[in-house]
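Trainee: What shape does this take:
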Amino acid sequence: MPRQVDPPYKAGLSGRAIVKAAPLSRGLGLCALLTLLALTIQTFEEALVAHPYVEAIVISILLGIGIRTFWQPAQRWQKGIAFSAKQLLEVAVALLGASLSFAAIAASGLVLLGAIVIIVVLALAVSFGISRLLGLPVRLSILIACGNSICGNSAIAAVAPVIGASSEDVASSISFTAVLGVIVVLALPLLIPLLHLSETQYGILAGMTVYAVPQVLAATVPVGLVSTQIGTLVKLIRVMMLGPLVACIALSARRLRGGQSSAYSGTNRLFDTVPWFIVGFFLLAGLRSVGLIPDIAVFLLQRAASVLTIMSMAALGLGVDLRVVGTVGGKVTAAVTLSLLFLFGLGICFVCYGAR
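Mentor: Next up is the predicted model:
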(Lines give C-alpha, C1' and ligand atoms only; values in the text may rest on other atoms or scores of the structure.)
Protein backbone atom coordinates (compact mmCIF):
# COMPACT_ATOMS: atom_id res chain seq x y z
CA MET A 1 0.00 0.00 0.00
CA PRO A 2 1.56 3.33 -0.99
CA ARG A 3 2.51 5.73 1.79
CA GLN A 4 0.03 8.57 2.21
CA VAL A 5 1.54 11.97 1.67
CA ASP A 6 0.11 15.18 3.05
CA PRO A 7 -1.10 17.64 0.44
CA PRO A 8 1.79 19.91 -0.57
CA TYR A 9 -0.02 23.10 0.36
CA LYS A 10 -0.62 21.88 3.91
CA ALA A 11 2.93 20.78 4.49
CA GLY A 12 4.27 23.89 2.80
CA LEU A 13 2.17 26.37 4.73
CA SER A 14 2.71 24.78 8.12
CA GLY A 15 6.40 24.30 7.45
CA ARG A 16 6.90 27.90 6.37
CA ALA A 17 4.94 29.17 9.37
CA ILE A 18 7.11 27.17 11.75
CA VAL A 19 10.31 28.26 10.02
CA LYS A 20 9.27 31.91 10.18
CA ALA A 21 8.02 31.80 13.76
CA ALA A 22 10.87 29.80 15.29
CA PRO A 23 13.62 32.46 14.89
CA LEU A 24 11.33 35.07 16.48
CA SER A 25 10.18 33.05 19.47
CA ARG A 26 13.24 33.45 21.72
CA GLY A 27 13.56 37.21 21.33
CA LEU A 28 9.81 37.81 21.49
CA GLY A 29 9.56 35.66 24.61
CA LEU A 30 12.36 37.56 26.32
CA CYS A 31 10.78 40.94 25.50
CA ALA A 32 7.39 39.68 26.69
CA LEU A 33 8.95 38.54 29.97
CA LEU A 34 10.57 41.93 30.53
CA THR A 35 7.24 43.60 29.72
CA LEU A 36 5.44 41.49 32.31
CA LEU A 37 8.09 42.36 34.90
CA ALA A 38 7.90 46.08 34.08
CA LEU A 39 4.10 46.10 34.36
CA THR A 40 4.33 44.26 37.67
CA ILE A 41 6.73 46.87 39.05
CA GLN A 42 4.44 49.66 37.85
CA THR A 43 1.50 47.94 39.57
CA PHE A 44 3.42 47.97 42.85
CA GLU A 45 4.14 51.67 42.34
CA GLU A 46 0.46 52.39 41.82
CA ALA A 47 -0.43 50.45 44.96
CA LEU A 48 2.09 52.44 47.00
CA VAL A 49 1.74 55.99 45.64
CA ALA A 50 -1.48 55.84 43.54
CA HIS A 51 0.27 56.86 40.32
CA PRO A 52 3.39 55.48 38.59
CA TYR A 53 6.17 58.06 38.79
CA VAL A 54 8.39 55.73 36.74
CA GLU A 55 6.26 54.15 34.06
CA ALA A 56 6.55 50.61 32.72
CA ILE A 57 7.85 51.96 29.40
CA VAL A 58 10.89 53.37 31.22
CA ILE A 59 11.26 50.36 33.51
CA SER A 60 11.30 48.01 30.52
CA ILE A 61 14.08 49.83 28.72
CA LEU A 62 16.11 49.98 31.95
CA LEU A 63 15.62 46.24 32.46
CA GLY A 64 16.75 45.62 28.90
CA ILE A 65 19.83 47.80 29.36
CA GLY A 66 20.62 46.03 32.64
CA ILE A 67 20.50 42.60 31.00
CA ARG A 68 22.53 43.82 28.01
CA THR A 69 25.22 45.11 30.38
CA PHE A 70 25.93 41.60 31.67
CA TRP A 71 24.85 39.47 28.71
CA GLN A 72 24.87 40.06 24.98
CA PRO A 73 22.06 38.05 23.29
CA ALA A 74 23.33 35.56 20.73
CA GLN A 75 22.24 35.63 17.10
CA ARG A 76 19.34 33.24 17.69
CA TRP A 77 17.75 35.87 19.94
CA GLN A 78 18.29 38.82 17.61
CA LYS A 79 15.46 38.37 15.09
CA GLY A 80 12.77 38.35 17.76
CA ILE A 81 14.34 41.31 19.53
CA ALA A 82 14.59 43.26 16.27
CA PHE A 83 10.97 42.41 15.40
CA SER A 84 9.84 43.67 18.81
CA ALA A 85 11.83 46.87 18.47
CA LYS A 86 10.50 47.78 15.03
CA GLN A 87 7.34 46.04 13.81
CA LEU A 88 5.61 45.91 17.20
CA LEU A 89 6.41 49.57 17.78
CA GLU A 90 4.90 50.57 14.44
CA VAL A 91 1.68 48.71 15.25
CA ALA A 92 1.55 50.44 18.66
CA VAL A 93 1.86 53.90 17.09
CA ALA A 94 -0.97 53.14 14.65
CA LEU A 95 -3.23 51.96 17.48
CA LEU A 96 -2.70 55.22 19.40
CA GLY A 97 -4.92 56.98 16.85
CA ALA A 98 -8.00 55.26 18.28
CA SER A 99 -7.66 57.22 21.55
CA LEU A 100 -7.96 60.63 19.88
CA SER A 101 -11.09 62.48 18.82
CA PHE A 102 -11.08 65.50 16.53
CA ALA A 103 -14.31 66.72 18.16
CA ALA A 104 -12.71 66.94 21.62
CA ILE A 105 -9.82 68.91 20.15
CA ALA A 106 -12.16 71.38 18.41
CA ALA A 107 -14.25 71.84 21.57
CA SER A 108 -11.28 73.13 23.56
CA GLY A 109 -11.49 76.58 21.96
CA LEU A 110 -9.45 78.33 19.31
CA VAL A 111 -7.34 80.41 21.70
CA LEU A 112 -6.16 77.45 23.77
CA LEU A 113 -5.74 75.26 20.68
CA GLY A 114 -3.72 77.93 18.89
CA ALA A 115 -1.55 78.56 21.95
CA ILE A 116 -0.75 74.87 22.32
CA VAL A 117 0.20 74.55 18.64
CA ILE A 118 2.43 77.64 18.77
CA ILE A 119 4.12 76.56 21.99
CA VAL A 120 4.77 73.05 20.66
CA VAL A 121 6.22 74.37 17.39
CA LEU A 122 8.47 76.87 19.21
CA ALA A 123 9.57 74.21 21.68
CA LEU A 124 10.41 71.83 18.84
CA ALA A 125 12.53 74.42 17.04
CA VAL A 126 14.36 75.69 20.12
CA SER A 127 14.94 72.21 21.57
CA PHE A 128 16.39 70.98 18.28
CA GLY A 129 18.56 74.08 18.03
CA ILE A 130 19.87 73.68 21.58
CA SER A 131 20.72 70.04 20.95
CA ARG A 132 22.60 70.83 17.76
CA LEU A 133 24.47 73.73 19.39
CA LEU A 134 25.64 71.29 22.06
CA GLY A 135 27.04 69.07 19.32
CA LEU A 136 24.50 66.23 19.45
CA PRO A 137 23.81 64.23 16.27
CA VAL A 138 20.81 65.15 14.12
CA ARG A 139 18.80 62.02 14.93
CA LEU A 140 19.32 62.35 18.67
CA SER A 141 18.47 66.05 18.49
CA ILE A 142 15.18 65.24 16.74
CA LEU A 143 14.30 62.66 19.40
CA ILE A 144 15.01 65.08 22.24
CA ALA A 145 13.01 67.85 20.57
CA CYS A 146 10.00 65.60 19.95
CA GLY A 147 10.11 64.01 23.39
CA ASN A 148 10.37 67.37 25.12
CA SER A 149 7.72 69.14 23.06
CA ILE A 150 5.04 66.48 22.46
CA CYS A 151 4.69 63.57 24.85
CA GLY A 152 8.02 62.32 26.13
CA ASN A 153 8.68 58.62 25.67
CA SER A 154 5.75 58.00 23.31
CA ALA A 155 6.93 60.69 20.90
CA ILE A 156 10.49 59.39 21.01
CA ALA A 157 9.27 55.86 20.34
CA ALA A 158 7.07 57.00 17.44
CA VAL A 159 9.69 59.16 15.72
CA ALA A 160 12.63 56.76 16.15
CA PRO A 161 11.72 54.28 13.36
CA VAL A 162 10.89 57.09 10.95
CA ILE A 163 14.36 58.67 11.16
CA GLY A 164 16.24 55.39 11.59
CA ALA A 165 17.44 56.23 15.11
CA SER A 166 19.77 53.77 16.82
CA SER A 167 19.01 51.96 20.07
CA GLU A 168 21.62 54.11 21.82
CA ASP A 169 19.92 57.33 20.67
CA VAL A 170 16.51 56.12 21.84
CA ALA A 171 17.85 54.91 25.19
CA SER A 172 19.74 58.16 25.81
CA SER A 173 16.79 60.42 25.06
CA ILE A 174 14.26 58.30 26.96
CA SER A 175 16.46 57.83 30.02
CA PHE A 176 17.12 61.51 30.66
CA THR A 177 13.61 62.56 29.66
CA ALA A 178 12.20 60.05 32.15
CA VAL A 179 14.31 61.40 35.01
CA LEU A 180 13.31 64.99 34.34
CA GLY A 181 9.68 63.93 33.91
CA VAL A 182 9.59 62.61 37.47
CA ILE A 183 11.24 65.78 38.79
CA VAL A 184 8.64 67.93 37.00
CA VAL A 185 5.75 65.98 38.53
CA LEU A 186 7.18 66.43 42.03
CA ALA A 187 8.14 70.09 41.64
CA LEU A 188 5.25 71.48 39.60
CA PRO A 189 2.76 71.95 42.48
CA LEU A 190 5.28 74.27 44.16
CA LEU A 191 4.50 76.85 41.47
CA ILE A 192 0.87 77.21 42.59
CA PRO A 193 1.57 79.48 45.59
CA LEU A 194 4.63 81.01 43.95
CA LEU A 195 2.73 82.20 40.86
CA HIS A 196 -0.74 82.36 42.50
CA LEU A 197 -2.18 79.98 39.91
CA SER A 198 -5.84 79.05 39.76
CA GLU A 199 -6.86 75.42 39.20
CA THR A 200 -7.50 76.17 35.52
CA GLN A 201 -4.13 77.86 35.05
CA TYR A 202 -2.31 75.07 36.85
CA GLY A 203 -4.07 72.45 34.74
CA ILE A 204 -3.03 74.23 31.54
CA LEU A 205 0.57 74.53 32.74
CA ALA A 206 0.69 70.85 33.71
CA GLY A 207 -0.77 69.76 30.37
CA MET A 208 1.74 71.88 28.46
CA THR A 209 4.86 70.81 30.33
CA VAL A 210 4.46 67.32 31.80
CA TYR A 211 5.61 64.55 29.46
CA ALA A 212 3.18 61.63 29.89
CA VAL A 213 -0.57 61.43 30.46
CA PRO A 214 -0.21 59.37 33.69
CA GLN A 215 2.25 61.96 34.96
CA VAL A 216 -0.28 64.71 34.22
CA LEU A 217 -2.73 62.85 36.45
CA ALA A 218 -0.09 62.47 39.16
CA ALA A 219 0.62 66.20 39.04
CA THR A 220 -3.01 67.42 38.91
CA VAL A 221 -5.20 64.97 40.88
CA PRO A 222 -3.95 66.26 44.28
CA VAL A 223 -4.79 69.84 43.22
CA GLY A 224 -8.39 69.34 42.10
CA LEU A 225 -10.81 67.98 39.51
CA VAL A 226 -10.72 71.11 37.35
CA SER A 227 -6.93 70.94 37.09
CA THR A 228 -7.12 67.26 36.20
CA GLN A 229 -9.71 67.76 33.45
CA ILE A 230 -7.98 70.79 31.91
CA GLY A 231 -4.52 69.24 32.20
CA THR A 232 -5.62 66.01 30.56
CA LEU A 233 -7.33 67.84 27.68
CA VAL A 234 -4.30 70.04 27.01
CA LYS A 235 -2.04 67.00 27.16
CA LEU A 236 -4.21 65.09 24.68
CA ILE A 237 -4.06 68.03 22.27
CA ARG A 238 -0.27 67.87 22.48
CA VAL A 239 -0.43 64.12 21.85
CA MET A 240 -2.70 64.78 18.87
CA MET A 241 0.13 66.72 17.25
CA LEU A 242 2.27 63.57 17.24
CA GLY A 243 0.64 62.23 14.07
CA PRO A 244 1.15 65.36 11.94
CA LEU A 245 4.66 65.79 13.35
CA VAL A 246 5.75 62.27 12.43
CA ALA A 247 4.16 62.62 9.00
CA CYS A 248 6.08 65.86 8.39
CA ILE A 249 9.32 64.30 9.58
CA ALA A 250 8.72 61.31 7.31
CA LEU A 251 8.43 63.59 4.29
CA SER A 252 11.96 64.89 4.87
CA ALA A 253 13.58 61.89 6.54
CA ARG A 254 14.73 59.89 3.51
CA ARG A 255 18.23 61.33 3.82
CA LEU A 256 18.39 60.41 7.51
CA ARG A 257 17.31 56.84 6.76
CA GLY A 258 19.55 56.56 3.72
CA GLY A 259 22.34 54.67 5.44
CA GLN A 260 20.15 52.29 7.39
CA SER A 261 17.76 49.48 6.65
CA SER A 262 14.19 50.72 6.53
CA ALA A 263 10.71 49.35 6.21
CA TYR A 264 9.65 52.38 4.23
CA SER A 265 11.32 51.51 0.95
CA GLY A 266 9.33 49.75 -1.69
CA THR A 267 7.18 50.23 -4.75
CA ASN A 268 4.30 51.93 -2.95
CA ARG A 269 5.04 55.63 -3.26
CA LEU A 270 2.62 56.62 -0.48
CA PHE A 271 4.20 54.39 2.14
CA ASP A 272 7.65 55.23 0.80
CA THR A 273 6.98 58.83 1.88
CA VAL A 274 4.59 58.49 4.82
CA PRO A 275 5.00 55.29 6.91
CA TRP A 276 2.01 52.97 6.94
CA PHE A 277 1.53 53.31 10.68
CA ILE A 278 1.00 57.08 10.42
CA VAL A 279 -1.72 56.47 7.82
CA GLY A 280 -3.19 53.93 10.25
CA PHE A 281 -2.94 56.47 13.08
CA PHE A 282 -5.06 59.03 11.22
CA LEU A 283 -7.47 56.40 9.95
CA LEU A 284 -8.24 55.18 13.47
CA ALA A 285 -8.48 58.76 14.75
CA GLY A 286 -10.99 59.51 12.02
CA LEU A 287 -13.04 56.41 12.80
CA ARG A 288 -13.01 57.33 16.49
CA SER A 289 -14.12 60.88 15.70
CA VAL A 290 -17.22 59.72 13.79
CA GLY A 291 -18.15 57.21 16.48
CA LEU A 292 -17.33 54.02 14.60
CA ILE A 293 -15.01 52.78 17.36
CA PRO A 294 -16.89 52.09 20.63
CA ASP A 295 -15.44 53.02 24.00
CA ILE A 296 -14.69 49.42 24.98
CA ALA A 297 -12.73 48.94 21.77
CA VAL A 298 -10.82 52.18 22.41
CA PHE A 299 -9.83 50.93 25.85
CA LEU A 300 -8.64 47.59 24.45
CA LEU A 301 -6.68 49.27 21.65
CA GLN A 302 -5.05 51.65 24.13
CA ARG A 303 -4.00 48.74 26.32
CA ALA A 304 -2.66 46.85 23.31
CA ALA A 305 -0.69 49.90 22.16
CA SER A 306 0.74 50.34 25.66
CA VAL A 307 1.87 46.71 25.96
CA LEU A 308 3.39 46.65 22.47
CA THR A 309 5.28 49.89 23.16
CA ILE A 310 6.66 48.48 26.41
CA MET A 311 7.80 45.34 24.56
CA SER A 312 9.53 47.43 21.91
CA MET A 313 11.31 49.51 24.55
CA ALA A 314 12.53 46.33 26.26
CA ALA A 315 13.90 45.23 22.90
CA LEU A 316 15.64 48.56 22.37
CA GLY A 317 17.17 48.29 25.83
CA LEU A 318 18.57 44.88 24.94
CA GLY A 319 20.44 46.49 22.07
CA VAL A 320 21.98 49.35 24.05
CA ASP A 321 25.66 49.55 24.87
CA LEU A 322 25.99 51.71 27.98
CA ARG A 323 29.48 52.76 26.97
CA VAL A 324 28.01 54.47 23.90
CA VAL A 325 25.24 56.12 25.92
CA GLY A 326 27.77 57.36 28.46
CA THR A 327 29.71 59.26 25.81
CA VAL A 328 26.77 61.62 25.22
CA GLY A 329 25.28 61.65 28.72
CA GLY A 330 26.36 65.14 29.75
CA LYS A 331 25.30 66.79 26.52
CA VAL A 332 21.96 64.99 26.46
CA THR A 333 21.27 66.01 30.05
CA ALA A 334 22.04 69.64 29.24
CA ALA A 335 19.93 69.56 26.05
CA VAL A 336 16.89 68.02 27.75
CA THR A 337 17.15 70.32 30.79
CA LEU A 338 17.50 73.53 28.78
CA SER A 339 14.70 72.47 26.44
CA LEU A 340 12.41 71.75 29.36
CA LEU A 341 13.20 75.12 30.97
CA PHE A 342 12.30 76.86 27.72
CA LEU A 343 9.02 74.93 27.54
CA PHE A 344 8.28 75.92 31.14
CA GLY A 345 8.96 79.56 30.31
CA LEU A 346 6.49 79.49 27.41
CA GLY A 347 3.86 77.72 29.51
CA ILE A 348 4.19 80.14 32.43
CA CYS A 349 3.97 83.16 30.13
CA PHE A 350 0.75 81.82 28.61
CA VAL A 351 -1.02 80.91 31.85
CA CYS A 352 0.01 84.14 33.60
CA TYR A 353 -0.75 86.56 30.78
CA GLY A 354 -3.03 84.78 28.33
CA ALA A 355 -5.19 82.40 30.39
CA ARG A 356 -6.52 84.56 33.19
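Trainee: helix/strand/coil for Ala165?
Mentor: On the three-state scheme (DSSP: H, G, I helix; E, B strand; the rest coil), Ala165 is labelled coil.
Trainee: Identify the spatial nearest neighbour of it, chain neighbours not counted.
Mentor: Among residues not flanking Ala165 along the chain, Arg139 sits closest, at 4.7 Å (C-beta to C-beta, 6 or more residues apart in numbering). Any C-beta I mention is one placed from the backbone N, CA and C, and that applies to glycine too.
Trainee: ok, Leu96 - contacts?
Mentor: Residues in contact with Leu96 (C-beta atoms under 8 Å, 6 or more residues apart in numbering) are Ser154, Ala158, Val239, Leu242, Phe281, Leu284, Gln302, Ala305.
Trainee: right, and the fourth one touches Ala157 too?
Mentor: Okay, so that is Leu242. No - contact criterion C-beta atoms under 8 Å: Leu242 and Ala157 do not qualify, at 10.1 Å.
Trainee: so what's in contact with the two at the same time?
Mentor: In contact with both Leu242 and Ala157: no residue, using C-beta under 8 Å, 6+ apart.
Trainee: Of those two, which one has the most company?
Mentor: Ala157 (29 against 23; other C-beta atoms under 10 Å).
Trainee: and the residue lying closest to Val126 once chain neighbours are set aside, what helix or strand is that in?
Mentor: Ranked by C-beta to C-beta, 6+ apart and with sequence neighbours excluded, the top spatial neighbour of Val126 is Phe342, at 5.2 Å. In this assignment (DSSP states H and E), Phe342 forms part of helix 329-353.
Trainee: and that helix, which residues are buried?
Mentor: By neighbour count with 16 or more other C-beta atoms under 10 Å, helix 329-353 contains the buried residues 331-340, 342-344, 346-348, 350-351.
Trainee: so where is the stretch 201-350 of the chain shaky, pLDDT-wise?
Mentor: Across the stretch 201-350 of the chain, the ranges flagged by pLDDT under 70 are 213-215, 217-218, 221, 253-275, 278, 320-329.
Trainee: so where do the helices sit in it?
Mentor: 213-220, 225-240, 242-251, 254-257, 269-273, 276-289, 295-318, 322-327, 329-353 (DSSP state H, counting those that start in this stretch).
Trainee: so which of the ones you listed is the most packed in?
Mentor: Here the criterion is mean neighbour count by mean count of other C-beta atoms under 10 Å, and of the helices of the stretch 201-350 of the chain the winner is helix 213-220, at a mean of 24.
Trainee: what's the burial count for Ala50?
Mentor: With other C-beta under 10 Å as criterion, Ala50 counts 12.
Trainee: Tell me the spacing between it and Ala145.
Mentor: Taking C-beta to C-beta, to the nearest Å as the measure, Ala50 falls 31 Å from Ala145.
Trainee: do the same with Gly203
Mentor: Distance from Gly203 to Ala145, by C-beta to C-beta: 25 Å.
Trainee: what's the closest of the contacts of Leu96 to Ile230?
Mentor: Val239 (15.0 Å; C-beta to C-beta).
Trainee: Please list the outside residues in contact with the helix holding Phe342.
Mentor: So helix 329-353 is in contact with 115, 119, 122-123, 126-127, 130-131, 134-136, 140-141, 144-145, 147-149, 172-173, 176-177, 180, 184, 191, 195, 197, 201-202, 204-205, 208-209, going by C-beta under 8 Å, 6+ apart.
Trainee: Please apply the same query to stretch 130-144.
Mentor: 127-128, 145, 156, 159-160, 163-166, 169-170, 172-173, 177, 249, 256, 328, 331-332, 334-336, 338-339, 342.
Trainee: Assess the claim that Ile41 and Ile59 are in contact.
Mentor: Yes - using C-beta under 8 Å, Ile41 is in contact with Ile59, at 5.2 Å.
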